[in-house]
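Asks: the sequence isn't on hand, but the structure is:
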């Protein structure tokens, strides 16, 4: 899931400065689960905008704002309200915001910060475990990603800052390589320690990212 | 062949020391420090050490070469991608720098630019392979080089790190992938040094023990809190606390570690942090 949170009200006031009529867009998928851009947040945003003297011309919560065609269709259904607004305030992740901005020539203002691809521990508590790097070595690292969970993304073992199995960058956090090492040991296999891992092919992290299943 | 590689090959007890490039354009104090080293075979030039921005170490290393002082160029993976690393290495070769110490680099959170984007395009094991590749005449893309550089590449190790087995795995990997010598993080526990050298020695790569001059109990506590991989035992902190002249006690502690190194290692890497005049005593 894409983890996002709302920009501060101070920042929102700044980016909304000079815009008095707004159309609100939320997302029923990740932003809803993050309590950043679901029905409830869209409603609260509406109330707050009204309280600071803005007018809301209408709102929509799109099933998956990242779905480009669906976002375009849903906006079309609110054509009048969208055109009446001076800008669209979008409570969705960066992908969602861009579905919207590609569907309208109106000014689009993002109301969230997109944080990472997250695993959910429990609601409100997320962990970043995958960086979408395009070249997965999880099969060799006992299912623990060093690209993401090692503070330096090292591929051949811990750095010199590991102490008592804790990470140099944050002593509260386990060193990813320590976790990999212990789990491989339990599984009785050398895994990634069997070979020097070559440099990552960052070319596999597609930028600009398009993907078509053939 | 670098004097460092010759001295190690010849079985000498080798002494290295280090200077940090200036936080500015005035190089005079750093050069004066480098000149003041007595009995030192080669001088490390640290690379944005502790993630604090300083002058480019390659420039300092080249200037030392010109003054007849042999540098060990430190090169971290934190600040450069694979193209910059290779290009710096070729530049180093052209400027007469032969010794390189390949490092991951301290995390940015320790330094003065915590908002910077760290690179870590390669890790230290991969960079050692790259150095070998350049010496064999090709770059990482497999393209042939016009003129082969010659390097004596080393790496770092933290002998006291736990779990020991995991730390040692990385050490062994560095040996397998081209590390010709090691300089250790500062070690203060001879027992742990002995344990490390017992398994490191059979791999046959010279180890220079990191000896850091403790100047006060306060400094020792600071190291424990802020420098990754450095652990000053409580009993040494007590010694510094109770000493009438803590710096003298620090020199005594450093002498004890040098003695341990003479027993177990091929040399020492001294970190004297502004007290270079005490080096003869520490080695004494």
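Replies: All right, it came through fine. Quantities reported herein were computed from a predicted structural model and do not represent experimental measurements.
Asks: would you map the helices across the chain?
Replies: Looking at chain A here, since you left the chain open. Listed from the start of the chain, chain A has helices (DSSP state H) covering A:9-15, A:30-33, A:39-51, A:68-77, A:79-84, A:94-101, A:146-149, A:176-187.
Asks: oops, I was thinking of chain B
Replies: According to DSSP H, the helices that chain B contains are B:3-9, B:28-36, B:57-66, B:82-94, B:124-135, B:164-176, B:190-200, B:217-226, B:234-242, B:246-264, B:279-283.
Asks: chain B contacts on chain A?
Replies: A:151-165, A:168-170, A:177-178, A:181, A:193, A:196-200, A:202 (CB under 8 Å from any CB of the partner chain). The way it works is simple: take the backbone N, C-alpha and C, and place the C-beta from them, glycine included.
Asks: and residue A:212, what's its pLDDT?
Replies: Looking at residue A:212, its pLDDT reads 78.
Asks: tell me the most buried of the helices of chain A?
Replies: For the helices of chain A, average neighbour numbers computed from mean count of other CB atoms under 10 Å in any protein chain shown are highest in helix A:30-33, which has a mean of 25.
Asks: now residue B:270. Nearest residue, chain neighbours left out?
Replies: Leaving out its chain neighbours, the residue that sits closest to residue B:270 by CB to CB, 6 or more residues apart in numbering or on different chains is residue B:17, at 4.6 Å.
Asks: the one you found contacts residue B:268, doesn't it?
Replies: No - proximity of residue B:17 to residue B:268 does not meet the contact threshold set by CB atoms under 8 Å, at 9.1 Å.
Asks: nearest residue to the closest residue to chain A within chain B other than its sequence neighbours?
Replies: Nearest residue of chain B to chain A (CB to the nearest CB) works out as residue B:228 at 3.1 Å. Spatial nearest neighbour of residue B:228, excluding adjacent residues (CB to CB, 6+ apart): residue A:161 at 3.1 Å.
Asks: next one: phi and psi at that neighbour?
Replies: phi -90, psi 0 (degrees, to the nearest 10).
Asks: pull the contacting residues for the residue nearest to the spatial centre of chain B.
Replies: By CA atoms, centre = their mean, the mean C-alpha position of chain B lies nearest to residue B:183, the distance being 5.1 Å. Counting by CB atoms under 8 Å, 6 or more residues apart in numbering or on different chains, residue B:183 makes contact with B:16, B:44, B:72, B:101, B:154, B:156, B:208, B:210, B:269.
Asks: rerun at 7 Å
Replies: Contacts for residue B:183 (CB atoms under 7 Å, 6 or more residues apart in numbering or on different chains) come out as B:16, B:101, B:154, B:156, B:208, B:210, B:269.
Asks: same check on residue A:52?
Replies: Residues near residue A:52 by CB under 7 Å, 6+ apart: residue A:13.
Asks: related to what we said a few turns ago, next, count neighbours for the residue nearest to residue B:270.
Replies: Here the count is done by other CB atoms under 10 Å in any protein chain shown, and residue B:17 has 24 residues near it.
Asks: wait, it touches residue B:37, no?
Replies: Yes - at 5.0 Å, residue B:17 and residue B:37 qualify as touching, with contact defined as CB atoms under 7 Å.
Asks: which of the contacts of residue B:183 ranks first by neighbour count?
Replies: residue B:154 (32 neighbours).
Asks: quick check: bridge partners of that one?
Replies: Beta-bridge partners of residue B:154, counted by DSSP bridges, are residue B:101, residue B:181.
Asks: how near is it to residue B:276?
Replies: Computed as CB to CB, to the nearest Å, the residue B:154 to residue B:276 distance reads 22 Å.
Asks: now residue A:127
Replies: The gap separating residue A:127 from residue B:276 is 47 Å, by CB to CB.
Asks: of the two, which one has the most company?
Replies: residue B:276 (20 against 13).
Asks: now that one. Nearest residue, chain neighbours left out?
Replies: Using CB to CB, 6+ apart, the nearest residue to residue B:276 is residue B:36, at 4.9 Å.
Asks: count the neighbours of the one you found for me.
Replies: Residue B:36: 14 neighbours (other CB under 10 Å).
Asks: with residue A:119 instead?
Replies: Around residue A:119 there are 13 residues (other CB under 10 Å).
Asks: do the same with residue B:124
Replies: 28.
Asks: where does the closest residue to residue B:199 other than its chain neighbours land on pLDDT?
Replies: Leaving aside its chain neighbours, residue B:199 sits nearest to residue B:168 (6.2 Å; criterion: CB to CB, 6+ apart). We note a pLDDT of 97 for residue B:168 in this prediction.
Asks: same check, this time on residue B:234
Replies: The model reports residue B:234 with a pLDDT of 96.
Asks: swap in residue B:225?
Replies: pLDDT recorded at residue B:225 is 89.
Asks: next: residue A:201.
Replies: 94.
Asks: could you do residue A:123 as well?
Replies: On pLDDT, residue A:123 comes in at 84.
Asks: what do you get for residue B:199?
Replies: Residue B:199 is assigned a predicted lDDT (pLDDT) of 98.
Asks: mind showing which ranges of chain A have poor pLDDT?
Replies: Nowhere does chain A drop to pLDDT under 70.
Asks: where is the longest strand in it?
Replies: For chain A, the strand reaching the highest residue count under DSSP state E is reported as strand A:112-122.
Asks: go through the helices of chain B and pick out the most buried.
Replies: The most buried one of the helices of chain B (mean count of other CB under 10 Å) is helix B:124-135, showing a mean of 22.
Asks: and the angle from that one to helix B:164-176?
Replies: 10 degrees (axes from the mean of the first three to the mean of the last three CA atoms, to 10 degrees).
Asks: correct me, but residue B:190 touches residue B:261?
Replies: No - the pair residue B:190 / residue B:261 is not scored as a contact, 9.2 Å apart, by CB under 7 Å.
Asks: residues near the single nearest residue of chain A relative to chain B, how many?
Replies: Closest approach between chain A and chain B, counting by CB to the nearest CB: residue A:161, at 3.1 Å. By other CB under 10 Å, the residues close to residue A:161 number 25.
Asks: I figured it hits residue B:227, correct?
Replies: No - counting by CB under 7 Å, residue A:161 does not reach residue B:227; the two are 8.9 Å apart.
Asks: alongside chain A, which residues does chain B contribute?
Replies: Within reach of chain A by CB under 7 Å from any CB of the partner chain, chain B has these residues: B:82, B:104, B:106-107, B:109, B:118, B:120, B:122-123, B:125-126, B:129, B:156, B:158, B:161-163, B:166-167, B:169-170, B:173, B:177, B:185, B:228-229.
Asks: how close does residue A:186 sit to residue B:162?
Replies: 18 Å.
Asks: among the contacts of residue B:183, which are in strands?
Replies: Per DSSP E, the contacts of residue B:183 map to strands at B:16, B:101, B:154, B:156, B:208, B:210, B:269.
Asks: hang on, the earlier thing: any of the residues of chain A next to chain B buried? List them.
Replies: A:151-163, A:165, A:168-169, A:177-178, A:181, A:193, A:196-197, A:199-200 (16 or more other CB atoms under 10 Å in any protein chain shown).
Asks: how close does the residue lying closest to residue B:179 once chain neighbours are set aside get to residue B:92?
Replies: Among residues not flanking residue B:179 along the chain, residue B:155 sits closest, at 4.0 Å (CB to CB, 6+ apart). Residue B:155 sits 16 Å away from residue B:92, going by CB to CB.
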